[in-house]
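Colleague: starting from these lines, generate the structure:
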Amino acid sequence: MSIQESADALRERIVARLRVAVTRRYGEHARIDNIEVATLGGSNRTLLFDLVDGTARRRLVFRQETYSLPSSPFIAPNLQYRLLQLVHREGIPVPEPVFELEPADELERGYVVGFVDGETLPRRLLHAPEFARARERFCAQAGELLARLHGIDVAAAGFLADTPDSLDPLGAQLARLDFYGEAHPALELAVRWLERHRPSPSPRVLLHGDFRTGNMLMGPDGIRAVLDWECAHLGAAHEDFGWLCMRSFRFGQVDRPVGGFGQRAAFYSAYTAASGRPVDADEVYWWEVFGFVRWAVLNVMQVHGHLSGERRSPAFAACGRNTSLIEYDLLMTLHGHYT
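Modeller: Here you go, the predicted model:
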């Protein structure tokens with residue numbers, strides 16, 4: 001069976017079980033149609049569909065985790081759903097949680113949220129004329145959003161306190177790299193530097209963990225929803241800053257460190273104005289170096305999923321090449337050639 005044939009069969013099974021799940025919750029009169037498989041997104045399986053109940057029609061999104069090995073950096077889907085409920089209540093713009101799947105649905109590791117219209121493709125966001133105003137507003141909006149997220153009572157997200165990335169983010173990356181059994185001297189060099197230059201401990205906040213271009217759904221007016229919360233954890237606020245400013249997530253706009261949209265000063269000042277907390281540029285730099293290590297490990301994971309057969313995809317296979325590119329950017333950043 002080819003990869004495409006296997007994918008088609010899997011889609012048919014998922015759609016059949018999704019129909020059962022909808023019927024269990026909304027009754028025999030409810031149905032789903034207009035089903036679409038999302039082509040973007042590298043970690044979760046995403047299906048869009050219409051829930052039709054009489055004359056009412058609502059566009060929804062089914063999300064399902066596809067990587068289940070012990071080395072997974074992703075929080076469990078039930079925790080993802082619980083987190084979405086929390087941040088949605090707190091007014092963070094996210095897709096509205098609709099229902100979580102249960103064992104009786106026979107469709108494990110997933111949940112359903114409301115659909116939000118917008119664009120996530122970095123190339124369009126960074127170049128298309130219709131997003132010019134959104135680009136101008138991005139640094140201010142991103143800073144204000146992070147201030148609101150980091151301001152949520154961390155006790156409310158206590159269910160994330162025991163995840164590996166919450167307990168020891170650097171140790172978590174090393175454990176995952178050991179699991180894959182690959183030697184990466186560039187990463188080992190960076191880890192040595194990170195260990196020698198650790199910043200002072202800071203209060204833990206709720207982190208998105210993957211706050212970057214491509215995970216923020218945008219319209220011409222700016223950010224409409226923050227997506228992909230599977231890497232959320234508790235930690236230092238500066239970690240979210242370092243991740244967004246990595247060269248990997250500038251998508252060619254290398255002179256605009258904040259996700260390819262703008263400059264650090266505007267981003268940092270917006271955060272400080274909204275939160276009352278200053279941003280330490282040196283600490284952001286530490287987390288940026290850390291981010292390259294983490295991003296490389298995530299790419300190693302993706303290609304491992306392809307080679308192991310757990311989730312085969314040409315996109316995942318290409319992550320092997322991506323790892324080398326990340327290591328190059330890491331070394332250039334570490335030696336001061338990039339800003």
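Colleague: helix or strand: which one has the closest residue to Glu36 other than its chain neighbours?
Modeller: If the residues on either side of it in the chain are set aside, Glu36 comes closest to Leu48, at 4.4 Å by CB to CB, 6 or more residues apart in numbering. Just so you know, the C-beta spots here come from the backbone N, C-alpha and C atoms, and that holds for glycine as well. Here Leu48, judged by DSSP states H and E, is contained in strand 44-53.
Colleague: about what we covered before: isn't the residue nearest to Glu36 up against Asp117?
Modeller: No. Contact criterion CB atoms under 8 Å: Leu48 and Asp117 do not qualify, at 10.9 Å.
Colleague: check which helices and strands the lowest-mean-pLDDT helix or strand in the chain is in contact with.
Modeller: Least confident helix or strand, the chain: helix 314-317 with a mean of 73, by mean pLDDT, DSSP states H and E. Judged by 3 or more CB pairs under 8 Å, 6 or more residues apart in numbering; DSSP states H and E, helix 314-317 is in contact with helix 281-308.
Colleague: list the buried residues for the helix it packs on?
Modeller: Buried residues in helix 281-308, defined by neighbour count with 16 or more other CB atoms under 10 Å: 283-306.
Colleague: average pLDDT for the particular helix or strand that has Leu187 in it?
Modeller: Element membership of Leu187 [criterion: DSSP H and E] is helix 185-196. For helix 185-196, the mean per-residue pLDDT is 96.
Colleague: ok, and what's touching it?
Modeller: Residues outside helix 185-196 that contact it (CB atoms under 8 Å, 6 or more residues apart in numbering): 170, 173-174, 177, 286, 289-290, 292-293, 296-297, 327, 330-331, 334.
Colleague: which element follows it toward the C-terminus?
Modeller: strand 205-207.
Colleague: direction included, what does that following strand pair against?
Modeller: Partners of strand 205-207 in the sheet, by DSSP bridges, are strand 233-235 (antiparallel).
Colleague: quick one: mean pLDDT for the partner strand?
Modeller: 98.
Colleague: CA atoms of the helix or strand just after that strand as CSV?
Modeller: Under the assignment DSSP H and E, the closest C-terminal helix or strand after strand 233-235 is helix 238-245. Output in CSV follows, covering the C-alpha atoms of helix 238-245 (Å, rounded to 0.1, in the frame of the first residue of the first chain):
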residue,chain,number,x,y,z
HIS,A,238,11.8,35.2,28.0
GLU,A,239,11.6,31.7,26.5
ASP,A,240,8.6,32.8,24.4
PHE,A,241,10.6,35.9,23.2
GLY,A,242,13.6,33.9,22.2
TRP,A,243,11.5,31.5,20.2
LEU,A,244,9.7,34.1,18.1
CYS,A,245,12.9,36.0,17.4
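Colleague: where along this protein do the strands fall?
Modeller: Chain-ordered strands for the chain, with DSSP state E as the definition, fall at 30-37, 44-53, 56-65, 97-100, 110-114, 205-207, 216-219, 222-226, 233-235.
Colleague: where does the stretch 201-339 of the chain have low pLDDT?
Modeller: 305-312 (pLDDT under 70).
Colleague: ugh, wrong one, the stretch 51-200 of the chain
Modeller: For the stretch 51-200 of the chain, no range has pLDDT under 70.
Colleague: just the helices from it, written as ranges.
Modeller: Per DSSP state H, counting those that start in this stretch, the stretch 51-200 of the chain carries helices over the ranges 77-89, 122-127, 132-150, 164-167, 169-180, 185-196.
Colleague: just the buried residues of the last one, please?
Modeller: Under the neighbour-count criterion of 16+ other CB under 10 Å, helix 185-196 has 186-187, 190-191, 194 buried.
Colleague: chain center to that helix, what's the gap?
Modeller: 24 Å (CA atoms, centre = their mean, to the nearest Å).
Colleague: one more: the longest one?
Modeller: On the basis of CA atoms, centre = their mean, helix 132-150 sits 17 Å off its chain's mean C-alpha point.
Colleague: run through who's touching that helix.
Modeller: With contact meaning CB under 8 Å, 6+ apart, helix 132-150 is reached by 87, 90-93, 125-126, 205-208, 211, 216, 218-223, 226, 237, 240-241, 244, 258-259, 261-263, 266-275, 277.
Colleague: just the buried subset of the residues you listed, please.
Modeller: Buried members of these, scored by 16+ other CB under 10 Å, are 87, 92-93, 125-126, 205-208, 211, 216, 218-219, 222-223, 226, 237, 240-241, 244, 258-259, 261-262, 266-268, 270-271, 274-275.
Colleague: now do the nearest residue to Gly252 once chain neighbours are set aside against Pro122, distance only.
Modeller: Of all residues not flanking Gly252 in the chain, Gly260 sits nearest, at 7.1 Å (CB to CB, 6+ apart). Applying CB to CB, to the nearest Å, the value for Gly260 to Pro122 is 7 Å.
Colleague: before we move on, back to that, the strands of the chain: which one's closest to Leu160?
Modeller: For Leu160, the closest of the strands of the chain is strand 233-235, at 5.4 Å, according to CB to CB.
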